[in-house]
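Undergrad: Okay, here's the prediction I keep looking at, along with the sequence it came from:
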Amino acid sequence: MFFEKYKGNPIFGGPERGVCFDVYVTHDGEKYRMDFSWRDHKSVAVAFSDDGVHFDEPIITLAPDPASAWEDERVNRNCVLKIDGVYKMWYTGQSKGKSYIGYAESADGIHFARMCKDPILSPETDFEKDSVMNPCVLYENGVYRMWYAAGETYEPNVLCYAESTDGIHFKKYESNPIFGHGDLEFEQDRVGGCQVIRTEDMGYLMFYIGYKDIDTACICAAKSPDGIHDFVRSKNNPMVTATPGTWDENSVYKPSMLYDKEKDLWTVWFNGRRGTREYVGCATRHGRELF
């Protein structure tokens, strides 16, 4: 395995707290901020940490809207950016077997209010099937750039791209999908749930879920000069795999990656599955080069 798992995994979730999955970890001031999906509450929540391993008690940031026809059952799979003092959340809303993407804002990063009654992104094409989900957004030169997963609701199939000037009205890329399953066995079935990072030395890095089959997943990486075209998969894939006989023995999912320049250290947070139980763990890799 290219990354080394933390020996104290899982670091978050458990029999009392329940299933926690699809994390999005960022720096918020001097704290690590972890936005995540909390299955038992059908909501998204946030937890904070001083070291990225020991997290405070979670706080629900957005719950389902029972008056809605598209996010009345559950909300999950979100990302949060702080732009000009405003916390902006793109999230997945689910209802009747379909998934959509919505948008909310907050002044304090905890209490979020929906800014739109309708979804800002819906499944419309054949390859999007019933679901668009797992938004990952970067804000560059006045443009909101969104990567999202699309396809089946249980597990998506492909990765797509859209752009917006206001973070609400997105135009889907005409040549979607931009990324699909690979030739090697560990990602031969489908791909899903990605995070994209812009770097000065490696272009755009995309960390994503690769599926051997619908129930067996690992964490992989690819890079692109612009985040849309000419993706090259890492020769070191898979980056993280399931470990037999442990808490994540069936699959590892949805990576969230940060690089510490001073320590020359990559840290990835992910959810691992054993049966129906999914909790959060982390793993590290010394050295900048991933490809």
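TA: Arrived safely. Everything quoted here is computed from the prediction, not taken from an experiment. Residues are numbered from 1 along each chain as shown.
Undergrad: For the stretch 151-291 of the chain, which segments count as strands?
TA: 158-164, 171-172, 190-198, 204-213, 216-224, 232-233, 251-260, 265-274, 277-286 (DSSP state E, counting those that start in this stretch).
Undergrad: Kindly reformat those as a markdown table containing mean neighbour count, mean pLDDT and distance to Pro135.
TA: Just so you know, the C-beta spots here come from the backbone N, C-alpha and C atoms, and that holds for glycine as well. Formatted as a markdown table, the strands of the stretch 151-291 of the chain follow (neighbours: other Cβ atoms under 10 Å; pLDDT from 0 to 100; distance: least, Cβ to Cβ, whole Å):
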| stretch | mean neighbour count | mean pLDDT | distance to Pro135 |
| --- | --- | --- | --- |
| strand 158-164 | 21 | 99 | 9 |
| strand 171-172 | 14 | 99 | 12 |
| strand 190-198 | 22 | 99 | 10 |
| strand 204-213 | 23 | 99 | 14 |
| strand 216-224 | 24 | 99 | 18 |
| strand 232-233 | 16 | 99 | 22 |
| strand 251-260 | 22 | 99 | 12 |
| strand 265-274 | 23 | 99 | 17 |
| strand 277-286 | 21 | 98 | 19 |
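Undergrad: Quick check: which ranges of the stretch 1-150 of the chain have low pLDDT?
TA: Within the stretch 1-150 of the chain, no range satisfies pLDDT under 70.
Undergrad: rewinding a little: tabulate the strands of the stretch 151-291 of the chain (a markdown table), appending distance to Ala149.
TA: Shown next, in a markdown table, are those (distance: least, Cβ to Cβ, whole Å):
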| stretch | distance to Ala149 |
| --- | --- |
| strand 158-164 | 6 |
| strand 171-172 | 13 |
| strand 190-198 | 5 |
| strand 204-213 | 8 |
| strand 216-224 | 12 |
| strand 232-233 | 17 |
| strand 251-260 | 10 |
| strand 265-274 | 15 |
| strand 277-286 | 17 |
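Undergrad: Out of those, flag the one nearest Val19.
TA: Distance to Val19, taken as Cβ to Cβ, is lowest for strand 277-286 among those, at 4.7 Å.
Undergrad: helices and strands around the closest one, which ones?
TA: Strand 277-286 sits against strand 4-5, strand 20-28, strand 265-274, with contacts defined as 3 or more Cβ pairs under 8 Å, 6 or more residues apart in numbering; DSSP states H and E.
Undergrad: For these, could you give me CSV that also reports distance to Ile219?
TA: Formatted as CSV, these follow (distance: least, Cβ to Cβ, whole Å):
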stretch, distance to Ile219
strand 4-5, 11
strand 20-28, 12
strand 265-274, 6
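Undergrad: Figure out which of these is closest to Glu174.
TA: Among the helices and strands packed on strand 277-286, strand 20-28 comes nearest to Glu174, with 27.4 Å by Cβ to Cβ.
Undergrad: show me what contacts the residue of the chain most remote from its centre?
TA: Farthest-out residue of the chain from its mean C-alpha position, per Cα atoms, centre = their mean: Ala67, at 26.4 Å. Contacts for Ala67 (Cβ atoms under 8 Å, 6 or more residues apart in numbering) come out as none.
Undergrad: what about it, distance to Ser95?
TA: 12 Å (Cβ to Cβ, to the nearest Å).
Undergrad: coming back round to it: how much space between the residue farthest from the centre of the chain and Leu159?
TA: Here Ala67 is placed at a distance of 31 Å from Leu159 (Cβ to Cβ).
Undergrad: likewise Met1?
TA: Distance, Met1 to Leu159, using Cβ to Cβ: 23 Å.
Undergrad: likewise Cys220?
TA: Distance of Cys220 to Leu159, given as Cβ to Cβ: 11 Å.
Undergrad: any residues in contact with both of these two?
TA: Common neighbours of Cys220 and Leu159 (Cβ under 8 Å, 6+ apart) are Val191, Tyr208.
Undergrad: Relative to Ile168, which of the helices and strands packed on strand 277-286 is closest?
TA: In terms of Cβ to Cβ, the element of those nearest to Ile168 is strand 20-28, at 19.3 Å.
Undergrad: Following the chain onward from the closest one, which element is next?
TA: Downstream of strand 20-28, the next assigned helix or strand under DSSP states H and E is strand 31-38.
Undergrad: what's that following strand packed up against?
TA: Strand 31-38 packs on strand 20-28, strand 43-49, strand 74-83, going by 3+ Cβ pairs under 8 Å, 6+ apart.
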